[in-house]
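**Student:** Starting from these lines, generate the structure:
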Amino acid sequence: MDLHFGDSKPTDEEKAAVDALLGPPVSSWEGAARDEMRAADLRWARGGREARERRDLLLPGLHAINDRIGWISEGALDYLCRRLTVPPAEAYGVATFYAMFSVKPRPATVLHVCTDLACAAAGAADLCAGIESRLGLGSGVSVQRSPCLGLCERAPAALAIKAGDPVRTALAAPATVEAAVLAASAPDSAEEEPAAAMAVPQAGDPSLTLLSRVGVVDPASLDDYRAHGGYTALRRAFQLGPAGVIREVTDSGLVGRGGAAFPTGRKWQATAAQPDHPHYLVCNADESEPGTFKDRVLMEGDPFSLVEAMTIAGYATGAHRGYLYLRGEYPRALARLENALAQCRARGLLGDDVLGQGYAFDIEIRRGAGAYICGEETALFNSIEGYRGEPRSKPPFPVEKGLFGKPTVENNVETLVNVLPILTMGAPAYAAIGTARSTGPKLFCVSGSVDRPGIYELPFGATLGDLLTLAGVRDRLRAVLLGGAAGGFVRPDELDIPLTFEGTREAGTTLGSGVVMAFDDTVPLPRLLLRIAEFFRDESCGQCVPCRVGTVRQEEALHRIAERTGAAAAGDIALLREVGRAMRDASICGLGQTAWNAVESAIDRLGAYE
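**Tutor:** Numbering: from 1, shown residues only. A predicted model of the protein is given here:
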């Protein structure tokens, strides 16, 4: 592809897709036809600065083309670049960064089949082979082996996306060859809504806090949400004032639920105190860690709670605009959230005067497009701004210079939703749940070799054994992976580990985002380790050498070790340790720093290659 503006022209359909997002072009400088009436346009610069200020619409523009056509042609990319005054070379770098986009022709229908850890243990390899055999080359369907689709409680899973106006999607989970082929061939077919108990085995339990409405409340009804306590927390927030809200969150002991466990109140206070304006709020709903699906369940089952929680966070930190960065693989969550936002705007719960309190706040959804690295907060900011989703060096920290260079508070879905019970029950009552150092309830994503996979809510301090008993762990347990691909394995005799941040740390592992994947002895451990290595190699953004090279070397060594054992593998195990230390010590962000964790724990705790 020519990386400068070329002679390729967009089709009428491609232009329509872009213009539907950006509006019609007003100047030849940004893509209008160069007829005699517009000849003078090219004699002076017009609209360049304004167009460049819309660079953040590059990712939505790429989505618009890809959704309508199924792939992004050179002519379409050129037209989008003219509309936004973005150099084609840069836009090409962005378009090729995301796994869900294609710059090469492909069928309008793409079937993404998950091959990650939970699905691999549930027979994803045979599923893929069966689908590929059934569809064949002339089916008009492109079959793509995909990283985790966030449907681990219903593994194996497949997601069909059919381009058009509008784009259509269908899920098959748990997927059979027949169900996946049907989803790909007829995405318009009515998809049965899975019972809440499939995702939340505890659904309906009155003791639940964060999951109390999932499976009970109609996720499409604002009235039903308010009838079950919705917007009580926001009214209390307005009574307390911004400083009072931050004080409550601080006193509650709430820390981030995405894995870093940074105190939420400190982050909010640091953002609110910045003199530079405007302030921004970003909700990180790009949960891409293999085995993680808690945020999806909250957004699908209780979307208004996230809207309310974001409004409270914006009010407390002085933000008047929030961005919700949502995984591109979550079509149902997207539909539920768009409906929730529309209802809240119509009822005065978002907009220029929220609840008549004189506070202006609104939320915009930005869709990701298949990039695990965008779960890192600064990579997420770059993605929203229209750049490659590569992490930034810190400092400066986001609370000082975040999105668009302004003070920004970033939290994930679970963290934000915890703010609602903090305000309704009060900080002391919330802090009494859990332990002194890990307060409140925690959501755990349980999958793998258990009878009842799903999201479980437990107070911090419950043991790993308690959780697995609830989920119905099967006999002949071989290992448990805590924290997902970036976490670590523990043995079956270590189930007394307390599920707290400090407890897992003292046990030499990590709680991470709450992933708990159980594997019995029918699951080949070396194959799982190789899949983890493949995942990190594929998801590395390539910005820094330790991660870019280290993840490749790690995968290569594991391939070699799989072919030999004992003394013959000792050299490669030594190499793995050396590469792992280099990645951990020198990588820019958490992806490279944690890419060796699971492999190291499998070697040291499980004797994976003895």
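
**Student:** before we move on, what SS does Tyr387 have?
**Tutor:** Three-state call for Tyr387 (DSSP: H, G, I helix; E, B strand; the rest coil): coil.

**Student:** For it, what are phi and psi?
**Tutor:** Per-residue torsions, Tyr387: phi -110, psi 170 (degrees, to the nearest 10).

**Student:** Ok, Lys267 next?
**Tutor:** Dihedral angles for Lys267 - degrees, to the nearest 10 - are phi -60, psi -40.

**Student:** and the nearest residue in space to it that is not next to it in sequence, bridged to which residues?
**Tutor:** Leaving aside its sequence neighbours, Lys267 sits nearest to Val409 (C-beta to C-beta, 6 or more residues apart in numbering; 5.8 Å). Heads up, the C-betas are built off the backbone N, CA and C, glycines and all. Judged by DSSP bridges, the bridge partners of Val409 are Leu281.

**Student:** Val409: what's it in contact with?
**Tutor:** 267-268, 271, 279-282, 313, 317, 319, 398-399, 402 (C-beta atoms under 8 Å, 6 or more residues apart in numbering).

**Student:** please redo it, this time with the cut-off set to 7 Å
**Tutor:** Contact analysis of Val409 by C-beta atoms under 7 Å, 6 or more residues apart in numbering lists Lys267, Trp268, Thr271, Leu281, Ala313, Thr317, Val399.

**Student:** need the contact list for Ala602.
**Tutor:** Contacts of Ala602 (C-beta under 7 Å, 6+ apart): Phe489, Leu525, Leu529, Ala608.

**Student:** now with 8 Å?
**Tutor:** Here Ala602 is in contact with Ala479, Phe489, Leu525, Leu529, Ala608 (C-beta under 8 Å, 6+ apart).

**Student:** Out of these, which two sit at the greatest distance?
**Tutor:** Ala479 and Leu529 (10.6 Å; C-beta to C-beta).

**Student:** Tell me the secondary structure of Val26, please.
**Tutor:** Val26 - assigned by three-state DSSP - is coil.

**Student:** circling back to that earlier point, per-residue confidence for the residue nearest to Lys267?
**Tutor:** pLDDT for Val409: 98.

**Student:** now it: how far from Cys344?
**Tutor:** 20 Å (C-beta to C-beta, to the nearest Å).

**Student:** go on, Phe397?
**Tutor:** 31 Å.

**Student:** More neighbours: which of those two?
**Tutor:** Taking other C-beta atoms under 10 Å, Phe397 and Cys344 do not tie; Cys344 has more neighbours (23 against 16).

**Student:** phi, psi of the spatially closest residue to the more buried one that is not a sequence neighbour?
**Tutor:** In space, and not counting its chain neighbours, Cys344 is closest to Leu350: 4.5 Å by C-beta to C-beta, 6+ apart. Torsion angles at Leu350 (phi, psi; degrees, to the nearest 10) stand at phi -140, psi 150.

**Student:** Count the residues that sit near Leu350.
**Tutor:** 25.

**Student:** isn't it right next to Tyr359, touching?
**Tutor:** No - using C-beta atoms under 8 Å, Leu350 is not in contact with Tyr359; the gap is 10.4 Å.

**Student:** what residue ranges in this structure are flagged as low confidence?
**Tutor:** For the chain, the stretches with pLDDT under 70 are 1-4, 34-51, 189-192, 565-568, 610.

**Student:** now the residue nearest to Leu470 when sequence neighbours are not counted, what's its secondary structure?
**Tutor:** Of all residues not flanking Leu470 in the chain, Tyr456 sits nearest, at 5.9 Å (C-beta to C-beta, 6+ apart). Three-state assignment for Tyr456 (three-state DSSP): strand.

**Student:** show me where the stretch 301-450 of the chain has helices.
**Tutor:** 303-317, 331-346, 377-385, 413-417, 419-425, 427-431 (DSSP state H, counting those that start in this stretch).

**Student:** now those as CSV including distance to Asp12?
**Tutor:** CSV is the format used below for the helices of the stretch 301-450 of the chain (distance: least, C-beta to C-beta, whole Å):
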stretch, distance to Asp12
helix 303-317, 36
helix 331-346, 27
helix 377-385, 29
helix 413-417, 39
helix 419-425, 47
helix 427-431, 56
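
**Student:** and of the ones you listed, who's closest to Ala64?
**Tutor:** Taking these one by one with C-beta to C-beta, helix 331-346 is closest: 14.2 Å.

**Student:** The closest one: which residues count as buried?
**Tutor:** Under the neighbour-count criterion of 16 or more other C-beta atoms under 10 Å, helix 331-346 has Pro331, Arg332, Ala333, Leu334, Arg336, Leu337, Asn339, Ala340, Leu341, Gln343, Cys344 buried.

**Student:** same question, stretch 267-284
**Tutor:** For stretch 267-284, by 16+ other C-beta under 10 Å, it's 267-272, 274, 279-284.

**Student:** Next: stretch 553-566.
**Tutor:** Under the neighbour-count rule (16+ other C-beta under 10 Å), stretch 553-566 has Arg553, Gln554, Glu555, Glu556, Ala557, Leu558, Ile561, Ala562 buried.

**Student:** and the second one, what is it in contact with?
**Tutor:** For Gln554, the contacting residues are Ala533, Phe536, Arg537, Leu576, Val579, Gly580, Met583, Ala595, Trp596, Val599, by C-beta under 8 Å, 6+ apart.

**Student:** Please, which helix or strand holds it?
**Tutor:** helix 545-562 (DSSP states H and E).

**Student:** can you give me the offset of that helix from its chain's centre?
**Tutor:** 25 Å (C-alpha atoms, centre = their mean, to the nearest Å).

**Student:** Following element in sequence after it, please.
**Tutor:** helix 567-586.

**Student:** what is the orientation angle of that next one with helix 545-562?
**Tutor:** 160 degrees (axes from the mean of the first three to the mean of the last three C-alpha atoms, to 10 degrees).

**Student:** Residues touching helix 567-586, excluding its own?
**Tutor:** Identification of contacts with helix 567-586 by C-beta under 8 Å, 6+ apart yields 544-547, 550-551, 553-554, 557-558, 560-561, 592-596, 599-600, 603, 609.

**Student:** give me that answer again for 6 Å
**Tutor:** The contact list for helix 567-586 (C-beta atoms under 6 Å, 6 or more residues apart in numbering) reads 546-547, 550, 553-554, 557, 560-561, 592-593, 595-596, 600, 609.

**Student:** Export those as a markdown table, with columns for distance to Gly229.
**Tutor:** Below are those laid out as a markdown table (distance: C-beta to C-beta, whole Å):
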| residue | distance to Gly229 |
| --- | --- |
| Pro546 | 48 |
| Cys547 | 44 |
| Gly550 | 48 |
| Arg553 | 52 |
| Gln554 | 48 |
| Ala557 | 53 |
| Arg560 | 57 |
| Ile561 | 54 |
| Gly592 | 43 |
| Gln593 | 40 |
| Ala595 | 42 |
| Trp596 | 44 |
| Glu600 | 45 |
| Tyr609 | 52 |
